[in-house]
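Colleague: Structure of the sequence below:
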Amino acid sequence: MIRAGRLPYVQTMSDLADALGKKVTTLRNQNYAAEGHPAPISSPDARNQLWDAEQTKAFYAGEPIPELPQADHDEDLLDRHEAAQVLGIEPVTWNTYKKDPALAAGMVLVPAGPKGTEHWPRHLVLAYKNSRPGRGAGGGRREGSGDMIPRDQILPRIAELLDADPAVTVETVSDTLGITKFPTAQSGLATLRGRRIADLVEKQPGLDLKDAALQLGYPAITHRAAITFAERELHARGAQPYLQHTADVLAAAGIAQQAQVEMRQLDGGAVAAAVLLDTDQPTAAAVWDSRYGWRTSTSRRHPIGKDTDTAPEGEGIRYLGSGLRPEPEELLAALRDGRKGTKRPKAGTNEPNGSEG
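Modeller: Residues are numbered from 1 along each chain as shown. Down below sits the predicted model:
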């Protein structure tokens with residue numbers, strides 16, 4: 001974690017490489033974790049490792065390494081793994097919790113910018129923990145709550161029950177949370193089990209989806225639905241890096257808003273995502289669909305629109321690029337030139353099973 005008051009000293013791997021006069025790739029290939037080297041301040045499972053610059057500077061200067069504060073402080077900044085630990089949940093569950101407005105408003109990117117790692121102040125995580133109903137003193141379903149649980153809290157609450165019991169039933173979820181069995185509880189369980197199967201398969205390449213479900217302790221009766229969601233989740237994750245890179249290029253060019261690309265699963269295994277363009281652009285958004293590639297959209301609120309079996313057509317819709325995954329520069333040129341594009345997807349791009357080849 002980043003201890004209170006230590007944010008100005010946070011050092012990324014790129015910062016460390018610059019300080020040593022080396023390339024990042026060279027540093028990664030070398031044993032920068034030599035004996036006595038200061039440990040990263042980020043959690044061991046964090047994707048992007050961070051260090052304290054005062055500690056690394058002292059190490060490479062051959063000087064005593066200063067100790068960091070050890071006592072917890074309300075202003076400590078926690079990454080997703082540490083925040084999840086405070087709440088006693090899995091990091092994958094935190095990915096849903098963090099969308100709560102109270103947490104989203106206080107999120108800090110370290111370092112600042114689109115490539116920073118998400119962190120949250122300890123006091124914000126603790127406040128969220130203490131404000132949540134359902135556990136501890138006074139816990140349980142609130143009287144009269146019925147099925148009025150906020151929509152954005154359904155998956156996080158189901159995730160808690162799944163954390164506690166991988167074999168939790170639809171009936172238990174429905175009774176505990178006061179939501180309908182079908183489709184709310186059933187769909188929520190299948191979605192979360194699918195995501196966790198996908199997580200495990202990513203950690204253990206080559207692992208069969210059914211074997212992953214067994215490892216996670218999911219009852220056989222739930223496998224079919226969970227595996228279907230896992231397949232869709234892996235499909236979405238496979239496309240996400242390309243889409244994020246494209247979104248970053250559009251933002252750098254000054255025509256799109258910088259944002260994290262959110263994937264949406266469609267019927268039949270297809271996936272889609274939208275990149276909102278700046279308000280001075282002639283179109284509201286650029287939408288990518290795994291069946292048809294890129295197209296423009298006239299709606300900022302619902303750029304992807306309704307899921308149908310046919311490619312969307314109409315006023316303001318242009319299909320862009322030479323294939324399902326054109327280079328970002330090709331898409332950028334097409335967005336800037338209103339003469340480019342077609343009213344319908346080009347022949348050969350429509351793949352009902354959502355495959356990109």
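Colleague: Show me the helices in this protein, by range?
Modeller: In the chain, the helices defined using DSSP state H lie at 13-20, 24-29, 53-60, 80-87, 91-97, 101-106, 122-131, 151-164, 170-177, 186-203, 209-215, 220-252, 328-336.
Colleague: Quick check: end-to-end length of stretch 112-126?
Modeller: Criterion C-alpha to C-alpha, to the nearest Å; first-to-last residue distance in stretch 112-126 is 23 Å.
Colleague: Okay, buried residues for that stretch please.
Modeller: 117-122, 124-126 (16 or more other C-beta atoms under 10 Å). All C-beta spots, glycine's among them, are computed from the backbone N, C-alpha and C.
Colleague: tell me the domain ranges of the protein?
Modeller: Annotated domains of the chain cover 1-132, 140-218, 239-336 [automatic domain parsing].
Colleague: what's near enough to touch the residue nearest the centre of the chain?
Modeller: Centroid check for the chain by C-alpha atoms, centre = their mean gives N95 as the closest residue, at 6.5 Å. Contacts here follow C-beta atoms under 8 Å, 6 or more residues apart in numbering; on that basis N95 touches R80.
Colleague: pLDDT wise, what is it at?
Modeller: N95 is assigned 84 on the pLDDT scale.
Colleague: In stretch 324-340, which residues are buried?
Modeller: 324-326, 328, 330-332, 334-335.
Colleague: And these, which is closest to G206?
Modeller: Comparing those against G206 with C-beta to C-beta places R325 closest, at 24.9 Å.
Colleague: picking that back up, how about the buried residues of stretch 324-340 in a markdown table, adding distance to L103?
Modeller: Listed next are the buried residues of stretch 324-340 as a markdown table, based on distance: C-beta to C-beta, whole Å:
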| residue | distance to L103 |
| --- | --- |
| L324 | 35 |
| R325 | 33 |
| P326 | 36 |
| P328 | 31 |
| E330 | 37 |
| L331 | 33 |
| L332 | 33 |
| A334 | 37 |
| L335 | 33 |
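Colleague: Tabulate the buried residues of stretch 112-126 (TSV), appending pLDDT and distance to V86.
Modeller: Below are those laid out as TSV (pLDDT from 0 to 100; distance: C-beta to C-beta, whole Å):
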residue	pLDDT	distance to V86
T117	90	17
E118	93	15
H119	95	13
W120	95	9
P121	94	11
R122	94	7
L124	92	10
V125	93	5
L126	92	7
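Colleague: now, which of the residues you listed sits nearest I317?
Modeller: Using C-beta to C-beta, the buried residues of stretch 112-126 come closest to I317 at E118, 34.0 Å.
Colleague: Give the closest residue to the closest one in space, chain neighbours not counted.
Modeller: M107 (5.5 Å; C-beta to C-beta, 6 or more residues apart in numbering).
Colleague: per-residue confidence at the one you found?
Modeller: For M107, pLDDT reads 92.
Colleague: gap between it and G116?
Modeller: 10 Å (C-beta to C-beta, to the nearest Å).
Colleague: Check the helices of the chain for me: which has the lowest mean pLDDT.
Modeller: Looking at the helices of the chain, the weakest mean confidence is helix 24-29, a mean of 65.
Colleague: Turn the helices of the chain into TSV, including distance to Q281.
Modeller: Listed next are the helices of the chain as TSV, based on distance: least, C-beta to C-beta, whole Å:
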stretch	distance to Q281
helix 13-20	31
helix 24-29	34
helix 53-60	40
helix 80-87	33
helix 91-97	30
helix 101-106	25
helix 122-131	35
helix 151-164	29
helix 170-177	42
helix 186-203	34
helix 209-215	41
helix 220-252	10
helix 328-336	7
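Colleague: Around the residue lying closest to A102 once chain neighbours are set aside, how many other residues sit close by?
Modeller: In space, and not counting its chain neighbours, A102 is closest to Y128: 6.0 Å by C-beta to C-beta, 6+ apart. Y128 has 19 neighbours, counted by other C-beta atoms under 10 Å.
Colleague: Who are the contact partners of Y128?
Modeller: With C-beta under 8 Å, 6+ apart, Y128 has these contacts: 87, 97, 100, 102-103.
Colleague: ok, so of these, who is nearest F182?
Modeller: Once C-beta to C-beta is applied, the member of those that ends up nearest F182 is Y97, at 24.9 Å.
Colleague: From G106, how far out is the closest residue to that closest one other than its chain neighbours?
Modeller: Leaving out its chain neighbours, the residue that sits closest to Y97 by C-beta to C-beta, 6+ apart is P156, at 4.9 Å. Separation of P156 from G106 (C-beta to C-beta) stands at 17 Å.
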